[in-house]
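J.: Need a 3D model of the sequence below.
(chains A, B, C and D)
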Amino acid sequence: MVERGEKELIIPFDIILLLFVLICAIAAITVRDLLSAVMILGAYSFFMCLIWAQMGAVDVAFTEASVSAGVGTILMVAAISKTTRRSKD
Amino acid sequence: MKIVNLLVVIITGMVLAYGTMDMPDWGDPNSPASRHVSPGYISDAVEKTATPNIVTAVLADYRSYDTLGETAVIFSAGMACILLLRRKRKK
Amino acid sequence: MEVTLLIEAMDTSFRLMEDARSQAVDLLNTAVKLTSETRDIEEKNIQAIFTGAQEAKSGFQNLVVTFLMLFAFWVLLSGKYDLFHLALGVICSLLIAYLTHDLLFANVRVGDARVIAYRFFAYIPWLLYQIITANIYVASVVLRPKQHVDPQILRFKTKLESDISWVTLANSITLTPGTITMDIRDGEFIVHALDKKVAADLNAGEMEDRIAHVFMEADHIYVQDALDVAPIFGELKRGL
Amino acid sequence: MIQKSDDIIIKTLARILVPFIQIYALYVIMHGHYSPGGGFQGGVILAASIILLMITHGLKDTQKRMSEKTVAILSSSGVLIYAGIGVVCLILAGNYLDYSKLAKLLHVAPAHARSLGILGIEIGVGLAVMAVMFSVFFDISRGEVSQEDEDE
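T.: Okay, the predicted model is just below:
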């Protein structure tokens, strides 16, 4: 059993990571270029992965890093290369 | 119209943030979710499945129906992609 | 009378010259044929050295070397030495080695792999030393109150020949602070350098020499270097 | 159409790295018991290595190793392995996916049989995920028949 307080959040580190996640999320929906949006989304996934790893969920972090930041980005880039790079709105 | 959208988003966010207040603390052993079956998993898994990584034991043994469903979802997604996107080669 | 004699003499001398000329042409022809034949044989010999070495490597031996490398990597990762995990490692390494054995050693040149590996590991400390000194130099350039940064782009043709040595050189240049490889086009490197001293160091070519030594490229004679005599004879023949 | 790269640095490094990425992916699949990882992550890494090969060495070189037909067979056989292990447990008078019943078949202790069963389904998941991810990429990047392929 995990004792209470044995593994606390590292508050400043956590806040920095959450700040980066927030910045990435806002940037990903604001930017007009879809390729940049996909790249920022990949960075977002990596920051999420760092947060998972810091909370001790290493399996989830690994999944996030490989699936979301790796293959997800690749698939979206492939889709962009088949369609258009500029967003319409 | 934009202001209405912003208001809706802000209000929804505030309601969601209010909803998280009632969530148990992070890593709280006395929260309802970690009192039901988790102690059993934690105490039994290594002994009964010979798998030191409890996450894998839960994912692939205790909850293997879930993982089977997950695999089936991925498989059907791939099949849908093949059916929709793949075209026959012209001979 | 004398005139006819003179004319006869001229005729014979012309005939002699004609004969000599035709003989010379024949000689040159045979010479051309011989040189081209010898050149062909030589080329074939060198080709045989290349392809023979490659074919011998590309088959079974290649697979075995790939398998051993992958299995060593597996043991390094796994850290479990019981029979079950080692057997799993053997199966996995065999599978991957079967699928990718022509990738890892696609362009092997003539040379002993052990010597290359040994020389490569001997090259790494030198590279680290270079990186440290370049680091200190770049830091001093940047921290100096008066800016001495004078960026320039160099182009140079390299004497290296295989792709792996190109890549090693390019990555060594990029790893050394102050210089960055921008592109490689047909053996021509385009490098960005921070200032003149860095560029001069790069142009001195010590790194290139060392990499040529690592991949044993300075030790061999290539087909391109062999003197090609047949065209010279051909030119001579056309002159006659 | 994803075109293959002309950059010699990327091409050579991909050529050297791909076998090691693949053996790492298999390590992740096989050692899901002891360390983070498992079929899903390992399969994705394996698919990523093949995608790397495809965008650096082009379509033809990849199809020699892994053709569309192989991918389709692998993706369904992965799910088949998973469901098949469950059916084997059912035949051996247990519940569906109750691996401890495999002990009779494998002649090991029930706990160890469960561990082996987990390994089996990890392999199934890994195969299915690898094949599906690659085939999705393959279909997205190459929906239309290009001129180059028609010439074959």
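J.: Name the nearest residue to D:Arg65, sequence neighbours excluded.
T.: C:Leu99 (5.7 Å; C-beta to C-beta, 6 or more residues apart in numbering or on different chains). Where C-beta positions appear, they are placed from N, C-alpha and C, glycine not excepted.
J.: Show the model's pLDDT score for the one you found.
T.: C:Leu99 is assigned a pLDDT of 86 by the prediction.
J.: Which single residue of chain A ends up nearest chain C?
T.: Proximity of chain A to chain C (C-beta to the nearest C-beta) peaks at A:Phe62, 14.5 Å away.
J.: Name all residues that make contact with that residue.
T.: A:49, D:36-37, D:41 (C-beta atoms under 8 Å, 6 or more residues apart in numbering or on different chains).
J.: who are the neighbours in contact with D:Ile29?
T.: Counting by C-beta under 8 Å, 6+ apart, D:Ile29 has contacts D:37-39, D:42-43, D:46, D:122-123, D:126.
J.: Can you give me the distance of it to D:Leu74?
T.: Distance, D:Ile29 to D:Leu74, by C-beta to C-beta, to the nearest Å: 14 Å.
J.: and what of C:Gln130?
T.: 46 Å.
J.: One more: A:Ala27?
T.: Per C-beta to C-beta, A:Ala27 is found 38 Å from D:Leu74.
J.: swap in C:Glu8?
T.: 94 Å.
J.: Let me know the helix or strand that the residue of chain C found nearest chain A is in.
T.: Distances between chain C and chain A by C-beta to the nearest C-beta are smallest at C:Leu77, namely 14.5 Å. Assigned by DSSP states H and E, C:Leu77 belongs to helix C:62-78.
J.: That helix and chain B in contact?
T.: No. Against chain B, helix C:62-78 shows no contacts by C-beta under 8 Å from any C-beta of the partner chain, the least distance being 14.0 Å.
J.: Give me the contacts around that helix.
T.: Contacts for helix C:62-78 (C-beta under 8 Å, 6+ apart): C:57, C:81, C:85-86, C:89-90, C:92-94, C:96-98, C:100-102, C:104-105, C:113, D:19-20, D:23-24, D:27, D:31.
J.: Repeat the analysis, applying 6 Å as the threshold.
T.: Helix C:62-78 is contacted from outside by C:85, C:89, C:93, C:96-97, C:101, C:104-105, D:23, D:27, using C-beta atoms under 6 Å, 6 or more residues apart in numbering or on different chains.
J.: pLDDT check: weakest of these?
T.: Among these, C:Phe105 has the weakest pLDDT, 72.
J.: Around that one, how many other residues sit close by?
T.: Per other C-beta atoms under 10 Å in any protein chain shown, the neighbour tally for C:Phe105 reads 20.
J.: so what's it closest to, chain neighbours aside?
T.: Using C-beta to C-beta, 6+ apart, the nearest residue to C:Phe105 is C:Asn62, at 5.2 Å.
J.: and the one you found, how many neighbours?
T.: Residues near C:Asn62, counting by other C-beta under 10 Å: 20.
J.: could you give the mean pLDDT of the strand or helix carrying A:Ile51?
T.: In this assignment (DSSP H and E), A:Ile51 forms part of helix A:34-55. Here helix A:34-55 scores 92 as its mean pLDDT.
J.: what do you get for stretch C:201-216?
T.: pLDDT averaged over stretch C:201-216 gives 81.
J.: any idea how far that stretch is from the chain center?
T.: 12 Å (C-alpha atoms, centre = their mean, to the nearest Å).
J.: how far does it stretch from start to finish?
T.: 23 Å (C-alpha to C-alpha, to the nearest Å).
J.: anything in it near chain D?
T.: No. Applying C-beta under 6 Å from any C-beta of the partner chain, one finds stretch C:201-216 out of contact with chain D, separated by at least 12.6 Å.
J.: Going by residue numbers, what spans are helices in chain A?
T.: A:11-30, A:34-55, A:58-63, A:73-82 (DSSP state H).
J.: what's the angle from the helix holding A:Ile51 to helix A:73-82?
T.: Relative orientation of helix A:34-55 and helix A:73-82, computed by axes from the mean of the first three to the mean of the last three C-alpha atoms, to 10 degrees: 170 degrees.
J.: who does helix A:34-55 touch, helix- and strand-wise?
T.: With contacts taken as 3 or more C-beta pairs under 6 Å, 6 or more residues apart in numbering or on different chains; DSSP states H and E, helix A:34-55 sits against helix A:11-30, helix A:58-63, helix A:73-82.
J.: deepest of those helices, which one?
T.: helix A:58-63 (a mean of 20; mean count of other C-beta atoms under 10 Å in any protein chain shown).
J.: pLDDT of it, averaged?
T.: Per-residue scores along helix A:58-63 average to 91.
J.: helix or strand for B:Asn30, which one?
T.: Going by DSSP H and E, B:Asn30 is not in any helix or strand.
J.: For it, give me phi and psi.
T.: phi -100, psi 10 (degrees, to the nearest 10).
J.: So the closest residue to it other than its chain neighbours, which state does it fall into?
T.: Nearest residue to B:Asn30, sequence neighbours excluded (C-beta to C-beta, 6+ apart): B:Pro24, at 7.7 Å. At B:Pro24 the chain is in coil, as set by DSSP: H, G, I helix; E, B strand; the rest coil.
J.: got it, and the one 3 residues further on?
T.: Counting by three-state DSSP, the backbone at B:Gly27 sits in coil.
J.: Model confidence for it, exactly?
T.: At B:Gly27, pLDDT is 74.
J.: Could you report the distance from it to B:Ala33?
T.: 11 Å.
J.: for D:Val18, same thing?
T.: 42 Å.
J.: Which one of these two is surrounded by more residues?
T.: Of the pair D:Val18 and B:Ala33, D:Val18 is the one with more neighbours under other C-beta under 10 Å, namely 22 against 10.
J.: Next, count neighbours for C:Leu99.
T.: 16.
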